[in-house]
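S.K.: below is the sequence, then the predicted model.
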Amino acid sequence: MLAPSRRRRNERAAFGLYATAVQAARRPVLYLPPPAGFGVADTLDGRFDLIALHVALLIRRLQAQPEPGPALAQAVFDAMFADMDRSLREMGVGDLSVAKKVRVMWEALHGRATAYESALGEGDAAARGAALAAALARNVWRGAPPEDAPARLAAYVEAADRALAAQDLRVAVPDFPEV
């Protein structure tokens, strides 16, 4: 168990890390129609999917770092779902429904993170890109993506994963590459 002061420090850092992931997920180009953008639906689901993608990349990097990296990864996860809970309540979702909806979101993040982790672990670049594009098409566009958007987003995800791997997120704000 972390000491209370260390836990608070991790919580503060995690909310900052999470805010940076949200900022990256909210880039307008992601929601613009092709060819200028990626054509992600500017809906609650579309925004959740891109936040989940960026948070999954952030958690992947933090878990690979020495302590307090894994503790920060858990704190980022907690920050995301505290924000999701707050957002649902602000939208007027009833108290009895919030826990169920947050659980569905948690399961969605877990499934997506697992799919992205598996794809990023593929051996060669072609297999990695294809697996990542397929996972993104399935999750971000629900199987009906604009032409070439999954491959373009997969290239961005691979660049973001490499950029995050070069950063020590225990002491720095993540720098997601431009889309």
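M.R.: In hand now; what should we look at? Numbering: from 1, shown residues only.

S.K.: where do the strands sit along the chain?
M.R.: Shown for the chain, no strands are assigned by DSSP state E.

S.K.: where does it have low pLDDT?
M.R.: 1-6 (pLDDT under 70).

S.K.: dihedrals phi and psi, Arg26?
M.R.: Backbone geometry at Arg26, expressed as degrees, to the nearest 10, gives phi -100, psi 10.

S.K.: please verify my assumption that it contacts Arg47.
M.R.: Yes: the pair Arg26 / Arg47 is scored as a contact, 7.3 Å apart, by CB atoms under 8 Å. In short, each C-beta sits where N, CA and C put it, glycine included.

S.K.: which of the two has more residues huddled nearby?
M.R.: Neighbours were counted for Arg26 and for Arg47 using other CB atoms under 10 Å; Arg47 has more, 18 against 14.

S.K.: flag every buried residue along the lengthiest helix in the chain.
M.R.: Counting by DSSP state H, the longest helix found in the chain is helix 95-120. Going by neighbour count (16 or more other CB atoms under 10 Å), the buried part of helix 95-120 is Val98, Val102, Met105, Leu109, Arg112, Ala113, Ala115, Tyr116, Glu117, Ala119, Leu120.

S.K.: what packs against it?
M.R.: Using 3 or more CB pairs under 8 Å, 6 or more residues apart in numbering; DSSP states H and E, the elements in contact with helix 95-120 are helix 44-63, helix 69-90, helix 125-140, helix 149-165.
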